[in-house]
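**Student:** Got a sequence here, can you model it:
(chains A and B)
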2 protein chains.
Amino acid sequence: MKIVAAKKILKANDQLAAENREHFRAAGVFVVNILGSPGGGKTSLIEALHARLPIRRGLSVIEGDVAGTLDADRLIAQGIPSVQIATEGICHLDANMISVASRELDLAKCDWLFIENVGNLVCPAGFDLGENIRLVLLSVPEGDDKVIKYPTVFQSSNAVVVSKIDLLPYFDFRLERVRDDLSKLNPTAPVFAVSAKTGEGMDELVAWLAKAAPGHY
Amino acid sequence: MKIVAAKKILKANDQLAAENREHFRAAGVFVVNILGSPGGGKTSLIEALHARLPIRRGLSVIEGDVAGTLDADRLIAQGIPSVQIATEGICHLDANMISVASRELDLAKCDWLFIENVGNLVCPAGFDLGENIRLVLLSVPEGDDKVIKYPTVFQSSNAVVVSKIDLLPYFDFRLERVRDDLSKLNPTAPVFAVSAKTGEGMDELVAWLAKAAPGHY
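**Tutor:** Got it, this is the predicted structure:
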């Protein structure tokens, strides 16, 4: 009997992720994987991006949660095509889940696909889903020390979004600390400070995403 | 070659947890395992409890983080004996880590031991550490929908602490929703609404903990 080591499971995930990436590329879909803590504002960020991104065919969402369909229900109520993955206890999405879930979406009506990962700053970082861009969200109430505490997720992301900046007056949160800690860990990743509620900072993030999506905009 | 299934690994963890529990009981130490999202206020809650709990011999802390020693440094600076476990990528504490870390503490000078788990609402829920009481923290900025989204952690905890209630005026957070969702999942668990910053609600939590520690107070 053979032991299937964790490294091989991750390798199998990487193969599926590469297939997803090619599948999405061929369909002309640009994929953004959003990571962050529970309640950091991932769904609100997707709503704010939906209202501001240049969209030709459409924007769809794959929602990942341990249980329930709250986030997909919320997005569908706003007319955003969404599929909910209920991981039933699993702490992260993987490439196979995305492969299955994406079959439920009409990719012909989609040039942006946002994947909202399970709320978790640790486990999702290890799993490539076949995305083009990985964003990690850090909300102001969580505190400015998270880059040090959760290095893998910040190291593996293409950009950091500091969310809920409308709350900066109520917290001792130093944006400079986040930038400093990140500059040692992941010096090429930009930091976007945004409020999905007020719209502050959203233009810069939208411009960066539109530029990152090659041939799209 | 034998496959070691996940169930057996958890069973091995449960055995070690039972040994920890007996070890702590014999030493007269009451152990509280605190779970919650990154940045939910776990360390601040421990500081607020340290200032208010009845303490005869002492209160010590085992800190769990993926990387760094920020939280233990912070507590030690306040004179609270603390040991930092750096899990190096692992998303939760386990009973073996606690067994090793507790050897670094002088249990004779300790009647309360607080364990601050890795910031994560998913994975730590599956691992008994040998604690007497498991608390799950839900901070107001995270939103009132988390009981539905992360049922296992709320189901497996002895009490729920809603933290940062000084921020209630700035958020659309309904305490009643948390109570309602919890009453279906874990009807015997009390909900304590507290602010470590202002001290609001801390007396009720302190009284409940002091009563839970049998023969202590």
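
**Student:** Just read off the phi/psi values of the nearest residue to A:A213 once chain neighbours are set aside.
**Tutor:** Excluding its sequence neighbours, the residue lying closest to A:A213 (C-beta to C-beta, 6 or more residues apart in numbering or on different chains) is A:F30, at 4.1 Å. Heads up, the C-betas are built off the backbone N, CA and C, glycines and all. A:F30 adopts backbone torsions of phi -100, psi 130, taken as degrees, to the nearest 10.

**Student:** so A:F30 touches A:G130, yeah?
**Tutor:** No - in this structure, A:F30 is not within contact of A:G130 by C-beta atoms under 8 Å, at 11.6 Å.

**Student:** Could you name every residue contacting both of these two?
**Tutor:** Overlap of the contact sets of A:F30 and A:G130 (by C-beta atoms under 8 Å, 6 or more residues apart in numbering or on different chains) consists of A:F24.

**Student:** Pull up the residues of chain A that are close to chain B.
**Tutor:** With C-beta under 8 Å from any C-beta of the partner chain as the criterion, chain A meets chain B at residues A:1-3, A:37-40, A:65-68, A:70, A:89, A:91, A:118-123, A:139, A:141-143, A:145-146, A:148-152, A:164, A:167, A:170.

**Student:** ok so, going back, tell me, how many residues neighbour the residue nearest to A:A213?
**Tutor:** Counted with other C-beta atoms under 10 Å in any protein chain shown, residues neighbouring A:F30 total 24.

**Student:** Bridge partners for it, pull those for me.
**Tutor:** With DSSP bridges as the criterion, A:F30 is bridged to A:W112.

**Student:** gap between it and B:L35?
**Tutor:** Distance of A:F30 to B:L35, given as C-beta to C-beta, to the nearest Å: 36 Å.

**Student:** Helices of chain A, start to end?
**Tutor:** Taking DSSP state H, the helices of chain A run over residues A:6-26, A:42-52, A:70-76, A:95-102, A:146-149, A:151-155, A:175-185, A:202-212.

**Student:** got the contact list for the longest one?
**Tutor:** Counting by C-beta under 8 Å, 6+ apart, the neighbours of helix A:6-26 from elsewhere in the structure are A:30-31, A:94-96, A:98-99, A:102, A:107, A:113, A:126-132.

**Student:** quick one: contacts for the residue most central in space within chain A?
**Tutor:** Centroid-nearest residue in chain A: A:I34, 0.8 Å away (criterion: C-alpha atoms, centre = their mean). Neighbour list for A:I34: A:42, A:45-46, A:114-117, A:135-137 [criterion: C-beta under 8 Å, 6+ apart].

**Student:** try it again with 6 Å
**Tutor:** A:I34 is in contact with A:42, A:116, A:135, counting by C-beta atoms under 6 Å, 6 or more residues apart in numbering or on different chains.

**Student:** Let me have these in TSV, adding pLDDT and neighbour count as columns.
**Tutor:** Shown next, in TSV, are the contacts of A:I34 (pLDDT from 0 to 100; neighbours: other C-beta atoms under 10 Å in any protein chain shown):
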residue	pLDDT	neighbour count
A:K42	98	28
A:E116	98	27
A:L135	98	24
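
**Student:** picking that back up, what bridges to the residue nearest to the centre of chain A?
**Tutor:** Going by DSSP bridges, A:I34 is paired in beta bridges with A:E116, A:L135.

**Student:** gap between it and chain B?
**Tutor:** 15 Å (C-beta to the nearest C-beta, to the nearest Å).

**Student:** ditto for A:L75
**Tutor:** Using C-beta to the nearest C-beta, we find A:L75 at a distance of 14 Å from chain B.

**Student:** what's around that residue, how many residues?
**Tutor:** The tally of other residues near A:L75 (other C-beta under 10 Å) stands at 24.

**Student:** got it, and A:G79?
**Tutor:** A:G79 has 8 neighbours, counted by other C-beta under 10 Å.

**Student:** go on, A:F114?
**Tutor:** Neighbour number of A:F114 under other C-beta under 10 Å is 27.

**Student:** Let me see the contact set for it.
**Tutor:** Here A:F114 is in contact with A:32, A:46, A:61 (criterion: C-beta under 6 Å, 6+ apart).

**Student:** Any chance of TSV for those residues, columns neighbour count and pLDDT?
**Tutor:** Shown next, in TSV, are those (neighbours: other C-beta atoms under 10 Å in any protein chain shown; pLDDT from 0 to 100):
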residue	neighbour count	pLDDT
A:V32	24	98
A:I46	26	98
A:V61	26	97
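
**Student:** List the ones among the residues of chain A next to chain B that fall in strands.
**Tutor:** A:65, A:139 (DSSP state E).

**Student:** Give me the buried entries from the residues of chain A next to chain B.
**Tutor:** Among the residues of chain A next to chain B, the ones that count as buried by 16 or more other C-beta atoms under 10 Å in any protein chain shown are A:37-40, A:65-66, A:68, A:70, A:91, A:118-123, A:139, A:141-143, A:145-146, A:148-152, A:164, A:167, A:170.

**Student:** ok, back up a step: ranking the helices of chain A by burial, who's on top?
**Tutor:** helix A:146-149 (a mean of 24; mean count of other C-beta atoms under 10 Å in any protein chain shown).

**Student:** what's that helix packed up against?
**Tutor:** Applying 3 or more C-beta pairs under 6 Å, 6 or more residues apart in numbering or on different chains; DSSP states H and E, we find helix A:146-149 packed against helix A:175-185.

**Student:** coming back round to it: measure the residue nearest to A:A213 to chain B for me?
**Tutor:** Applying C-beta to the nearest C-beta, the value for A:F30 to chain B is 27 Å.

**Student:** distance of that residue from A:E88?
**Tutor:** Taking C-beta to C-beta, one finds A:F30 at 29 Å from A:E88.

**Student:** One more: A:Q155?
**Tutor:** Distance from A:Q155 to A:E88, counting by C-beta to C-beta: 29 Å.

**Student:** Likewise for A:V122?
**Tutor:** Taken as C-beta to C-beta, the span from A:V122 to A:E88 is 19 Å.

**Student:** Please measure how far the first residue of stretch A:133-146 sits from its last one.
**Tutor:** 21 Å (C-alpha to C-alpha, to the nearest Å).
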